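Asker: Pasting the sequence and the predicted coordinates here, then a few questions.
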Amino acid sequence: MGIKTFIRFLVIVAVVQPTAIFAITDPLTEIYQTRGDLQTAFDSQTHLAVPGTSAGFLLDLEDWARQYGWMEHEELASYGPGEGDGVPVRISNSEIESSIEAEAYVVMDRSTGKILTVKNENKVWPIASLTKLMTANVVLDHDVSMGAIADVRNADNVGGARLYVEDGDTFSVEDLFFATLVASANNAANALSRTTDLSRTEFLLEMNQNAKDLNLIHTHYVDPTGIELGNVSTAREMARIVQTLFDRDEIRRFTTTATRYIDVISQGTSKKMTNTNWMLWKPDYDDIYVTGGKTGYLIESGWNVVVSLRPMYGDEDTELLIVLFGAESRDASFTNANMLADWAWETFQWQKQN
């Protein structure tokens, strides 16, 4: 895809409206109808954030309720943390933004969804292999047996990282998940998508419907691997995606595997898969515990990473979710994510709710 085509595509994506809107509870609707500031910030029909208003990094009215509304209105308590949960409260004015060299990022408290800092969070950006998280999600939705056998074909090769195998070599579905989410092999992702028995068009429709169901208007998928520039999102929308997908045990299991040997059944051999997320296995990150993650890279996107993590021996309440787009190098993507995490843990104190 040329740059002019890419720009035209972004314009099209930007105006697409979701077909599914989060269910708005009656108390939230009543509060919306009495507050002019909310009516200005969120569309009266869709309740989506209105660009250029005080909505800022908020995606929709429910996002406001989760970030702020529960603190301002007792009747919105269900949107807030549960009893005993830790809520991040800022205790320092230190800043980190000037030290982070990346195109965009979001730092979110994992359990409450509270946004701790952002940069260019609404900028539409090619997400590269972060796409594979949604690919895996669709396959999991179809309950494909992990023990089923599937083949990798020459037609699955689209460039970028791949499994070096012969046309028709076979793997278990489970091993294709590992190849897709650990080694980020593009041909494995294409092969995995076929295990659903959906056509390519149908598979992409499900990927995009999942994004619409999350109320995301700037996220769009055009292939299951991320090799195409048309796979786009924003740091803020990607944070909602991974906050949801990392709730799946299977996705956490696959994305936190540092090394895995997978079997090429047709050859009777095995291949070693090493996770592209260095934060799982490099000694530099021995002081953190990674609970989910994925990387992505294209020349046009730079180095992208999403990761959920907490201090190795820290409270689970302090778990963060970080989305970072456009770092200048692979190493810089992890270094910057770690810097953002350290800053958050030093700048906020997690206070238990009574």
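Answerer: The structure has been received and is ready for your questions.

Asker: okay, CA-based contacts and neighbour counts for the rest of this
Answerer: OK.

Asker: Which residues belonging to the lengthiest helix in the chain are considered buried?
Answerer: Longest helix in the chain by number of residues (criterion: DSSP state H): helix 330-347. Residues of helix 330-347 classed as buried by neighbour count (16 or more other CA atoms under 10 Å): 330, 332-338, 340-341, 343-345, 347.

Asker: So which elements touch it?
Answerer: strand 302-311, strand 320-327 (3 or more CA pairs under 8 Å, 6 or more residues apart in numbering; DSSP states H and E).

Asker: Now do the strands in this structure.
Answerer: For the chain, applying DSSP state E gives strands covering 86-90, 104-109, 115-119, 125-126, 149-152, 169-172, 232-233, 259-264, 269-274, 288-298, 302-311, 320-327, 348-352.

Asker: What helices and strands are in contact with the first one?
Answerer: When you say that, I think you mean strand 86-90. strand 348-352.

Asker: Tell me the strands beside the strand it packs on, with direction?
Answerer: strand 86-90 (antiparallel) (DSSP bridges).

Asker: buried residues in the partner strand?
Answerer: Per 16+ other CA under 10 Å, strand 86-90 contains these buried residues: 86, 87, 88.

Asker: any chance of those in a markdown table, with distance to residue 117 too?
Answerer: Below are the buried residues of strand 86-90 laid out as a markdown table (distance: CA to CA, whole Å):
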| residue | distance to residue 117 |
| --- | --- |
| 86 | 18 |
| 87 | 15 |
| 88 | 12 |
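
Asker: Which of the residues you listed lies at the shortest distance from residue 25?
Answerer: residue 87 (23.2 Å; CA to CA).

Asker: Enumerate every residue touching the closest one.
Answerer: Residue 87 is in contact with 81, 112, 317, 349, 350, 351, 352, 353, counting by CA atoms under 8 Å, 6 or more residues apart in numbering.

Asker: Now restrict the residues you listed to buried residues only.
Answerer: Buried, going by 16+ other CA under 10 Å: 81, 112, 317, 349, 350, out of those.

Asker: Low-confidence regions, the protein specifically.
Answerer: Applying pLDDT under 70 to the chain flags the ranges 1-24, 354.

Asker: give me that answer again for 80
Answerer: For the chain, applying pLDDT under 80 flags the ranges 1-25, 84, 353-354.

Asker: Just want the most central residue of it.
Answerer: Centroid-nearest residue in the chain: residue 242, 3.2 Å away (criterion: CA atoms, centre = their mean).

Asker: can you pull the contacts of it?
Answerer: residue 306.

Asker: Same question for the one 4 residues further on.
Answerer: The neighbourhood of residue 246, defined by CA under 8 Å, 6+ apart, consists of 252, 292.

Asker: how far away is it from residue 154?
Answerer: For residue 246, the distance to residue 154 equals 31 Å [CA to CA, to the nearest Å].

Asker: now residue 218
Answerer: From residue 218 over to residue 154 (counting by CA to CA), the distance is 32 Å.

Asker: If you count surrounding residues, which of these two has more?
Answerer: For residue 218 versus residue 154, neighbours defined as other CA atoms under 10 Å are more numerous around residue 218 (26 against 12).

Asker: ok, the more buried one touching residue 235?
Answerer: No: counting by CA atoms under 8 Å, residue 218 stays clear of residue 235, with 10.2 Å between them.

Asker: shared neighbours, these two?
Answerer: residue 124.

Asker: can you give me the end-to-end distance of stretch 238-255?
Answerer: Per CA to CA, stretch 238-255 runs 16 Å from first to last residue.

Asker: which residues of the stretch 151-300 of the chain fall in helices?
Answerer: Taking DSSP state H, counting those that start in this stretch, the helices of the stretch 151-300 of the chain run over residues 173-181, 186-194, 200-213, 235-245, 249-255.

Asker: Run the chain-centre distance for the longest one.
Answerer: This points to helix 200-213. Centre-to-centre, helix 200-213 and its host chain are 16 Å apart (CA atoms, centre = their mean, to the nearest Å).

Asker: Check which helices and strands it is in contact with.
Answerer: Contacts defined by 3+ CA pairs under 8 Å, 6+ apart place helix 200-213 against helix 131-141, helix 186-194.

Asker: and residue 259, which of the ones you listed is closest to it?
Answerer: helix 186-194 (16.4 Å).
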